[in-house]
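>>> how does the following fold in three dimensions:
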Amino acid sequence: MRGFYLDEHIPLTVASTVFSAGVRAVTAHECEMLERDDGDHLRFASARGLCVVTRNRDDFLSLATLGWERREPHAGILIVPSTFGHRELGALADALVAFAQEHPEDLWEYGVWWLQKQTEGS
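Now for the predicted structure:
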């Protein structure tokens with residue numbers, strides 16, 4: 001997998017932890033994409049082969065459906081469910097690293113995944 005694009009709803013510390021584990025992770029902050037339309041985030045990430053990581057489930061599911069209908073592929077959307085509390089930064093980073101390890105190849109170009117918390121021993 002080429003890496004993650006963390007939208008502005010994902011804390012910056014998560015990106016640095018993921019990057020430290022050897023997984024490419026760029027943020028909306030560092031790419032100067034703050035306060036942009038969700039479609040802009042998806043197009044930006046897709047042009048760079050990056051999977052969007054977001055808590056914004058509804059908007060990105062709509063974008064994924066629209067992209068499918070228009071035959072406009074993206075490089076993946078990974079939704080962070082509400083089971084990850086906003087303060088569970090370590091758990092979020094661990095889950096992203098695990099997801100990247102489980103998906104070493106590029107993701108399906110129209111794919112949407114839900115991030116899973118890691119359980120002990122996994």
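
>>> tell me which residue is most central in this structure.
The centroid of the chain falls nearest to Val53 when counting by C-alpha atoms, centre = their mean (1.7 Å).

>>> helix or strand right after whatever helix or strand it lives in?
For Val53, the host element (DSSP states H and E) is strand 51-54. Proceeding N to C from strand 51-54, the next assigned helix or strand is helix 57-70, under DSSP H and E.

>>> for that next one, output the C-alpha coordinates as PDB.
Provided in PDB are the C-alpha atoms of helix 57-70 (Å, rounded to 0.1, in the frame of the first residue of the first chain):
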ATOM      1  CA  ARG A  57     -18.300   8.500   7.400                       C
ATOM      2  CA  ASP A  58     -21.500   9.900   5.700                       C
ATOM      3  CA  ASP A  59     -19.800  12.300   3.300                       C
ATOM      4  CA  PHE A  60     -17.100   9.900   2.200                       C
ATOM      5  CA  LEU A  61     -19.600   7.100   1.700                       C
ATOM      6  CA  SER A  62     -21.600   9.400  -0.500                       C
ATOM      7  CA  LEU A  63     -18.400  10.400  -2.400                       C
ATOM      8  CA  ALA A  64     -17.500   6.700  -2.900                       C
ATOM      9  CA  THR A  65     -21.000   6.000  -4.300                       C
ATOM     10  CA  LEU A  66     -20.800   9.000  -6.600                       C
ATOM     11  CA  GLY A  67     -17.300   8.000  -7.800                       C
ATOM     12  CA  TRP A  68     -18.500   4.500  -8.600                       C
ATOM     13  CA  GLU A  69     -21.500   5.800 -10.600                       C
ATOM     14  CA  ARG A  70     -19.200   8.200 -12.500                       C
END
